[in-house]
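S.K.: Quick check, what structure comes out for this input:
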Amino acid sequence: MNQLEIRDLHVAVEGKGILRGLNLTVPIGEIHAIMGPNGSGKSTLSAAIMGHPKYEVTGGDIVWKGESLLELEPDERAKRGLFLAFQYPQEIYGVSVNNFLRLAMTERFGQTPSFKEFDAEMKKWLHLLDIRPEFTKRFLNEGFSGGEKKRNEILQMGMLKPEMAIMDETDSGLDIDALKIVSNGVNSLRGPNFGALVITHYQRLLDYIVPDIVHILVDGRIVKTGDKTLALQLEEQGYDWIKEEALA
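M.R.: Have a look, this model is predicted:
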């Protein structure tokens, strides 16, 4: 049961149904990608998994390692090993990257990391993500460029070591160099103890984070599943043929 299961999920926002019976299983140890046209429900899915209060689950279930998440607050979901990399990370004035990460690690692992352990892990990830040490003294996301925000998300992911990461359009706004660095950070986590659901519009991210499985989301449902070649087909042909198949 070491997996994330989405069972016949229905989600509404301000009374409007967005997800309409979505089914999905992502085992720990695999990376799955979700692609789909604008308005198909990709970001709604990521928010619902992490328990954003704006997104009302009106049917179905979200099950993590055999436990329903529906009654758990977002912080409890994070403590259980889930992580959301936001499309638009929020700025938090007055809280440094360094202090935020120490607090987050304490909550995630149930004890405060030693300074030696924290410093060694931080240096490793700063080097991997090509981030200067002084970056950690800045307030969280305040004045960060788009690329800095996304690198900071991967820095958090690396330090917190989630078992399942939900990545909501992490490639949005990244140039090719930043995309390679961010992807390298994600790939360094790959293994039997890490799974990810990578949500993206574009094939280019999947050139660097190669998925085990690709799912196509249209009108609130998964309508097609395949291997990485499915993403290439979408890049060449667009979504119209998928929509036609879904309506047939």
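
S.K.: What are the boundaries of the helices in this protein?
M.R.: Using DSSP state H, the helices of the chain run over 42-50, 74-79, 97-109, 115-128, 146-160, 176-189, 203-208, 228-237, 240-247.

S.K.: Quickly compare those and say which is most buried.
M.R.: helix 42-50 (a mean of 23; mean count of other Cβ atoms under 10 Å). The C-beta positions use only the backbone N, C-alpha and C, and glycine is treated the same way.

S.K.: Point out the other helices and strands that that helix packs with.
M.R.: strand 3-13, strand 16-27, strand 31-35, strand 55-64, helix 74-79, strand 82-85, strand 164-168, strand 195-199 (3 or more Cβ pairs under 8 Å, 6 or more residues apart in numbering; DSSP states H and E).

S.K.: tell me what the second one is packed against?
M.R.: For strand 16-27, the helices and strands in contact under the criterion 3+ Cβ pairs under 8 Å, 6+ apart are strand 3-13, strand 31-35, helix 42-50, strand 55-64, strand 195-199, strand 221-226.

S.K.: just how off-centre is the third one within its chain?
M.R.: Its chain's C-alpha centre lies 9 Å from the corresponding centre of helix 42-50 when counted by Cα atoms, centre = their mean, to the nearest Å.

S.K.: can you check the longest one too?
M.R.: From the chain centre to the centre of strand 3-13 is a distance of 15 Å (Cα atoms, centre = their mean).

S.K.: Just the CA trace of it, in PDB.
M.R.: This file holds the C-alpha atoms of strand 3-13, laid out as PDB (Å, rounded to 0.1, in the frame of the first residue of the first chain):
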ATOM      1  CA  GLN A   3       1.300   4.500  -2.900                       C
ATOM      2  CA  LEU A   4      -1.000   7.500  -3.400                       C
ATOM      3  CA  GLU A   5      -4.400   6.500  -4.600                       C
ATOM      4  CA  ILE A   6      -7.100   8.900  -6.000                       C
ATOM      5  CA  ARG A   7     -10.400   7.100  -6.000                       C
ATOM      6  CA  ASP A   8     -13.300   8.400  -8.000                       C
ATOM      7  CA  LEU A   9     -12.400  11.900  -6.900                       C
ATOM      8  CA  HIS A  10     -14.900  14.800  -7.400                       C
ATOM      9  CA  VAL A  11     -13.800  18.300  -6.400                       C
ATOM     10  CA  ALA A  12     -15.600  21.600  -6.600                       C
ATOM     11  CA  VAL A  13     -14.500  25.200  -6.300                       C
END
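
S.K.: Check what pLDDT residue 97 gets.
M.R.: On pLDDT, residue 97 comes in at 88.

S.K.: ok, it to residue 120 distance?
M.R.: Between residue 97 and residue 120 the distance is 17 Å, computed by Cβ to Cβ, to the nearest Å.

S.K.: Summarise which helices and strands the helix or strand of the chain with the lowest mean pLDDT is packed against.
M.R.: Between all helices and strands in the chain, the lowest mean by mean pLDDT, DSSP states H and E belongs to helix 240-247, at a mean of 77. On a contact count with 3+ Cβ pairs under 8 Å, 6+ apart, helix 240-247 meets strand 213-218, strand 221-226.

S.K.: Excluding its own residues, what touches it? List them.
M.R.: For helix 240-247, the external contacting residues (Cβ atoms under 8 Å, 6 or more residues apart in numbering) are 37, 216, 218-219, 221, 223-224, 234.
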